[in-house]
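Enquirer: Below is the structure, and that's it, no one-letter string:
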């Protein structure tokens, strides 16, 4: 995969943080620049996953509020145990009024 074009970015670091980057870069036999790019990339990857998880949770909550459909915790636990054991278990979806909510 070809490398994406790069654009220089300036960042101000306090002296202590800059020194920590330098020490770690030397220990890893990498440049401080490489270490900073790696740290930023890992942060972005992690935060994008966190945001996607949050959006999925919000979508699930909105669907629950609209339909009342849900899977009781006990059924979900049994489903997970079945998956671990290689079983294909179909979950029964319940509605709020059926569950007494």
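Expert: Nice, thanks for sending it over. Every value quoted in this text rests on a predicted model; they were computed, and no experiment measured them. Residues are numbered from 1 along each chain as shown.
Enquirer: What average pLDDT does the longest helix anywhere in the chain get?
Expert: Counting residues, the longest helix in the chain under DSSP state H turns out to be helix 32-67. Mean pLDDT, computed over helix 32-67, is 95.
Enquirer: how far does it sit from the chain's center?
Expert: 5 Å (CA atoms, centre = their mean, to the nearest Å).
Enquirer: Tell me the buried residues in that helix?
Expert: For helix 32-67, the neighbour count (16 or more other CB atoms under 10 Å) marks 32, 35, 36 as buried. To be clear about C-beta, it is placed using only N, CA and C from the backbone, and glycine gets the same treatment.
Enquirer: Tell me how far the last one lies from residue 22.
Expert: Relative to residue 22, residue 36 is positioned 11 Å away (criterion: CB to CB, to the nearest Å).
Enquirer: what do you get for the first one?
Expert: When CB to CB is applied, the distance between residue 32 and residue 22 equals 5 Å.
Enquirer: domain parsing for the chain?
Expert: By the record's domain assignment, the chain is partitioned as 12-67, 68-101 (automatic domain parsing).
Enquirer: coming back round to it: make CSV out of the buried residues of helix 32-67 and add distance to residue 7.
Expert: As requested, the buried residues of helix 32-67 are exported to CSV (distance: CB to CB, whole Å):
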residue, distance to residue 7
32, 18
35, 19
36, 14
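Enquirer: and of those, the nearest to residue 56?
Expert: The closest of the buried residues of helix 32-67 to residue 56 turns out to be residue 36 (CB to CB; 30.6 Å).
Enquirer: My guess is the closest one contacts residue 11. True?
Expert: Yes - Residue 36 is within contact range of residue 11, at 7.5 Å (criterion: CB atoms under 8 Å).
Enquirer: re the thing from before, who are the packing partners of the longest helix of the chain?
Expert: Secondary-structure packing of helix 32-67 (3 or more CB pairs under 8 Å, 6 or more residues apart in numbering; DSSP states H and E): helix 15-28.
Enquirer: Tell me the buried residues in the helix it packs on?
Expert: Residues 21, 25 are the ones in helix 15-28 that count as buried (16+ other CB under 10 Å).
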